[in-house]
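K.L.:
no sequence on hand, only this structure:
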């Protein structure tokens, strides 16, 4: 299996990205196609074992800057994002991973790969490894302004993904809201609730914020604005805990020992909040397997994202992304 | 100082509410006026020391059920929520606390107390005790559907509150969004950004989810839908950590000892996520000092909410809530 990796995307290019490619190739047994300027990537790659199998380079001359408007970036043509997506479109790789400008990745994917039949807007989904099983939250950032129909489509995309990639046949779908009753929510959510209730999905109703981490639903649907913010709030809370422990144990050996003993116990908790562990999000609703990794991705996060791309690609082969039963547009 | 307390509101009425009243009266030195049916409250109160000073009863015959539509509840007239708010309106108490149906409290407050000049919609604000100082998040639930003008008004309400209740003269105001750049956000947030940028507020721009707990802004403005969800996500993450530690240390003495040693160090962290510590939210934008406590409030949470009402009332006396410099309606 081959995964294309944007070597020019993210805060830590190209060093951490390439290290992540090497780690990912070894850990997940995938071939990685690094996309970027050959002259830059070759010396970086040369630092690693020359006999290392499964890392190739696909040349792309340009990068997309993190503050560049997506439509401006699209006009450059020869960016690592576009070249990587073209490899995917042409069937030369089984997935594409980028830690670059997520807006540019989404815009380029829509242009190069196109949308799935019946999907108006794409969504980025993230799977949290909860104690109760995987929980998929979407959208976490592709579509900040949603219509009710978009949320319904996200639910279908989510159901399909969990089925294909995790073997969950009929996942419970919840709608993120500020109260359990159907009348709760903003106007978007109240209207989406109706559509979901009338669908053939396994819709369990509204899900409140505290119920996400309890695993009440397998698929939690929300708009890309709210989803993005709660992802980052979770990240902030994890950071705050880490800092609290670090500061409190700073000068005290017995507390350091206590923290050391507890570390293995706390690890699953941190893993659930740590994007380097789960690698990023899947871009759902486009014709292809695209992983949007966190901009701050280090080597570990890139390796995880490659693992995620592999899992999605396996699912993609088992099912057929293009045949998601999304209801007709209203 | 006298605070009216809805003795019929919340999941644990009346036992925990009354215990909270006693605790709050002792801890915060406030007089508490319990609002509810005398025949029910007197025997409950009799369990405590009869010489206990500063707890009175104001009779109200009815309660509002948690699933009752606010407008139906309002028609009953003689509910503990309405009677408590009338005591506040008539100047017989300095604040009102309810752990009851928050939608009913907001609706009744709008009717009984009325809105402040220049305020279209109220907001519930919550103060998080961060290591960097208090941070006020609003709205966390009063107005799920907001217009840009509402968010601007929330910012003024928040500035005024932090100044009056915490002495922060010119708080930094941030707008919760899914990216730092002014162009990020949903359409509501992009338009609110413009209004905030043109205002005389100390506006520092968009604030991302992970920056809330870092204390980047003193006042974080968001709509009541998003605010409510992120509050509850934080609560869920706190629970998840607690469960992780509990399960992991369950059978292992050395881990229990380690957790015990770390407990004081972790306490400030949990306090930040634990609503029983900060007591609830202030209802801002109405003519009066109203605290909306969590429906699950136990005695400790009620006592904290009474402390909060005291703090707000002190601020109210120093300033003048009715004179908040909210810009004219557009």
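P.N.:
Looks like it came in fine. Remember, predicted model here, so these are calculated numbers, not experimental data.
K.L.:
so which helix or strand takes in residue A:86?
P.N.:
If you go by DSSP states H and E, residue A:86 is part of helix A:80-89.
K.L.:
tell me how far the next helix or strand along the chain from that helix lies from the chain's centre.
P.N.:
For helix A:80-89, the succeeding helix or strand toward the C-terminus, using DSSP H and E, is strand A:95-98. Relative to the chain's own centre, strand A:95-98 is displaced by 10 Å; criterion: Cα atoms, centre = their mean, to the nearest Å.
K.L.:
can the helix or strand hosting residue A:137 be found next to chain B?
P.N.:
Using DSSP H and E, residue A:137 sits within strand A:133-138. No: residues of strand A:133-138 are not located near chain B by Cβ under 8 Å from any Cβ of the partner chain, the shortest gap being 10.2 Å. All C-beta atoms are positioned from the backbone trio N, CA, C, and that covers glycine.
K.L.:
so who does the residue lying closest to residue A:154 once chain neighbours are set aside touch?
P.N.:
Nearest residue to residue A:154 in three dimensions, chain neighbours excluded: residue A:123, at 4.6 Å (Cβ to Cβ, 6 or more residues apart in numbering or on different chains). Taking Cβ atoms under 8 Å, 6 or more residues apart in numbering or on different chains as the contact definition, residue A:123 lies against A:138-140, A:142-143, A:150, A:153-154, A:157-158, A:224, A:283-285.
K.L.:
in the sheet, who's paired with residue A:123?
P.N.:
When bridges are called by DSSP bridges, residue A:123 pairs up with residue A:284.
K.L.:
where in chain A is the helix or strand with the lowest mean pLDDT?
P.N.:
helix A:275-278 (a mean of 59; mean pLDDT, DSSP states H and E).
K.L.:
mind listing the helices for the stretch 201-330 of chain A?
P.N.:
According to DSSP state H, counting those that start in this stretch, the stretch 201-330 of chain A carries its helices in the segments A:209-212, A:224-249, A:253-273, A:275-278, A:299-318.
K.L.:
from residue B:286, how far out is the nearest residue to residue A:138 once chain neighbours are set aside?
P.N.:
The shortest distance from residue A:138 to any residue other than its chain neighbours is 3.7 Å, reached at residue A:125 (Cβ to Cβ, 6+ apart). From residue A:125 across to residue B:286, the span is 40 Å (Cβ to Cβ, to the nearest Å).
K.L.:
equivalent analysis for residue A:85, please.
P.N.:
Counting by Cβ to Cβ - residue A:85 and residue B:286 are separated by 52 Å.
K.L.:
compare the helices of the stretch 201-330 of chain A and say which comes out lowest on pLDDT.
P.N.:
Of all the helices of the stretch 201-330 of chain A, mean pLDDT reaches its minimum on helix A:275-278 (a mean of 59).
K.L.:
circling back: count of residues packed around the residue nearest to residue A:138?
P.N.:
As a burial measure, residue A:125 scores 28 neighbours (other Cβ atoms under 10 Å in any protein chain shown).
K.L.:
on that earlier part again, state the pair within the contacts of residue A:123 that is farthest apart.
P.N.:
The span of the contacts of residue A:123, defined through Cβ to Cβ, is set by A:140 and A:153 at 15.5 Å.
K.L.:
pick out whichever of those two has more residues nearby.
P.N.:
Using other Cβ under 10 Å, the more surrounded residue of residue A:140 and residue A:153 is residue A:153, with 28 against 25.
K.L.:
in three-state terms, label that one for me.
P.N.:
Following DSSP: H, G, I helix; E, B strand; the rest coil, the label given to residue A:153 is helix.
K.L.:
report the central residue of chain A.
P.N.:
residue A:281 (0.4 Å; Cα atoms, centre = their mean).
K.L.:
quick one, grab the pLDDT at the nearest residue to that one once chain neighbours are set aside.
P.N.:
In this structure, residue A:281 finds its nearest non-sequential neighbour in residue A:124, 3.9 Å apart by Cβ to Cβ, 6+ apart. Confidence at residue A:124, expressed as pLDDT, is 95.
K.L.:
how about residue A:124, what does it touch?
P.N.:
Applying Cβ under 8 Å, 6+ apart to residue A:124 gives the contacts A:102, A:106, A:138-142, A:224, A:227, A:281-284, A:292.
K.L.:
brilliant, that's me finished.
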